[in-house]
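A.B. asks: 3D, please:
(4 chains)
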2 protein chains.
Amino acid sequence: MEAHATEVCCQPVTASLLAEDEAEELAGLLKVLADPARLRLLSLVATAEAGEACACDLVEPLGRSQPTVSHHLSLLVEAGLLSREKRGRWAWYRVVPERLSTIQDALAPGAAFSSSPRP
Amino acid sequence: MEAHATEVCCQPVTASLLAEDEAEELAGLLKVLADPARLRLLSLVATAEAGEACACDLVEPLGRSQPTVSHHLSLLVEAGLLSREKRGRWAWYRVVPERLSTIQDALAPGAAFSSSPRP
DNA sequence: ACGGTTCATCGACGTTCATCGATGTCTCGG
DNA sequence: CCGAGACATCGATGAACGTCGATGAACCGT
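C.D. replies: Residues are numbered from 1 along each chain as shown, chains lettered A, B, ... in the order given. Predicted coordinates for the structure are as follows:
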């Protein structure tokens, strides 16, 4: 019931009537974003040098314990919002911009009349 | 600590380092969206005839009890995602597209280098 | 003025979730 | 080969949340 990265995820919310399944799918993805700690992690990684950040450099600026940071990072990776690459004994993270665009598209406002321009 | 509609809400997450306050603010707004019932309510109102929907027509298609629907609608209004207008004994709801755009802007990907083009 | 309809509020219950300390696993340097 | 550092996993705990039935408040037709 989680927001796996493989999902393409939904048409725009305002474009057509969302089914319960699609709604749960999109809600699962949004739920991962809807947390201060995870938003700041996303922001920390995005603004990090070279666009990637080591987990060891995220614990202190986030002000949470190491297990908590690890937990949030796992959720972000599972949702496809971050990618993890383990190099040596460090784990490096990057943001996945396409995944953010996915959410943006799902939230496109006033899309109710933009489906078929006219035959 | 809620997502009041008056908030302008944050710079893009990927553009600059999010402070804890801003993160909580944006998270509060996203938390309202991150629920299947509320997403479907938003979708129901958006795709309704004339762009507005009566609360009485939302209970049955949502498949939840009337108090639950009322509760979710209140949260959406408080977050500024819906507007409520009481006419007679019915309550009519409309989506607020600007509020959706706010979230879209906050989630703009790859905005790390788009702040100041060059002086 | 009364009864029915619409909607919000209240109180309660079960689930989900963020957080932590303790522990386990892996990798490297000496 | 052993110890230290980095990270994930486990188990527990307290708070937040979605849901419902019951109740309350407002607004009409008759």
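
A.B. asks: Near the residue nearest to A:A106 when sequence neighbours are not counted, how many other residues are there?
C.D. replies: Distance criterion C-beta to C-beta, 6 or more residues apart in numbering or on different chains; nearest residue to A:A106, sequence neighbours excluded, is A:C10 at 5.0 Å. Just so you know, the C-beta spots here come from the backbone N, C-alpha and C atoms, and that holds for glycine as well. A:C10 has 24 neighbouring residues, counting by other C-beta atoms under 10 Å in any protein chain shown.

A.B. asks: A:S74 now?
C.D. replies: Residues lying near A:S74 (other C-beta under 10 Å) number 12.

A.B. asks: Which residue, other than its chain neighbours, is closest to the residue nearest to the spatial centre of chain A?
C.D. replies: By C-alpha atoms, centre = their mean, chain A has its centre lying nearest to A:L81, at 3.3 Å. Once flanking residues are discounted, A:L81 sits nearest to A:R99: 5.0 Å by C-beta to C-beta, 6+ apart.

A.B. asks: In this structure the residue nearest to the centre of chain A contacts A:T102, no?
C.D. replies: No - contact criterion C-beta atoms under 8 Å: A:L81 and A:T102 do not qualify, at 9.5 Å.

A.B. asks: contacts for the helix or strand where A:Q104 lies?
C.D. replies: Using DSSP states H and E, A:Q104 sits in helix A:97-106. Outside helix A:97-106, the residues within contact range by C-beta atoms under 8 Å, 6 or more residues apart in numbering or on different chains are A:5, A:8-13, A:26, A:29-30, A:33, A:79-81, B:14, B:104, B:107-110.

A.B. asks: Now intersect those residues with the helices, please.
C.D. replies: In this view, those that belong to helices under DSSP state H are A:26, A:29-30, A:33, B:104.

A.B. asks: want to try JSON lines for those, with pLDDT, distance to DNA strand C and neighbour count as columns?
C.D. replies: Formatted as JSON lines, the ones in helices among the contacts of helix A:97-106 follow (pLDDT from 0 to 100; distance: C-beta to the nearest atom of the strand, whole Å; neighbours: other C-beta atoms under 10 Å in any protein chain shown):
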{"residue": "A:L26", "pLDDT": "98", "distance to DNA strand C": "14", "neighbour count": "27"}
{"residue": "A:L29", "pLDDT": "98", "distance to DNA strand C": "12", "neighbour count": "25"}
{"residue": "A:L30", "pLDDT": "98", "distance to DNA strand C": "11", "neighbour count": "24"}
{"residue": "A:L33", "pLDDT": "98", "distance to DNA strand C": "10", "neighbour count": "27"}
{"residue": "B:Q104", "pLDDT": "96", "distance to DNA strand C": "22", "neighbour count": "19"}
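
A.B. asks: is it possible to export these to a markdown table including distance to B:C54?
C.D. replies: Below are the ones in helices among the contacts of helix A:97-106 laid out as a markdown table (distance: C-beta to C-beta, whole Å):
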| residue | distance to B:C54 |
| --- | --- |
| A:L26 | 25 |
| A:L29 | 30 |
| A:L30 | 26 |
| A:L33 | 31 |
| B:Q104 | 28 |
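
A.B. asks: Closest to A:D57 out of the residues you listed?
C.D. replies: Of all these, A:D57 sits closest to A:L33, with 21.6 Å by C-beta to C-beta.

A.B. asks: Provide a list of residues in contact with that closest one.
C.D. replies: Here A:L33 is in contact with A:39, A:42, A:81, A:103, B:27, B:30, B:34, B:107 (C-beta under 8 Å, 6+ apart).

A.B. asks: what's the neighbour count on the fourth one?
C.D. replies: Per other C-beta under 10 Å, the neighbour tally for A:I103 reads 23.

A.B. asks: ok, it to DNA strand D distance?
C.D. replies: From A:I103 across to DNA strand D, the span is 18 Å (C-beta to the nearest atom of the strand, to the nearest Å).
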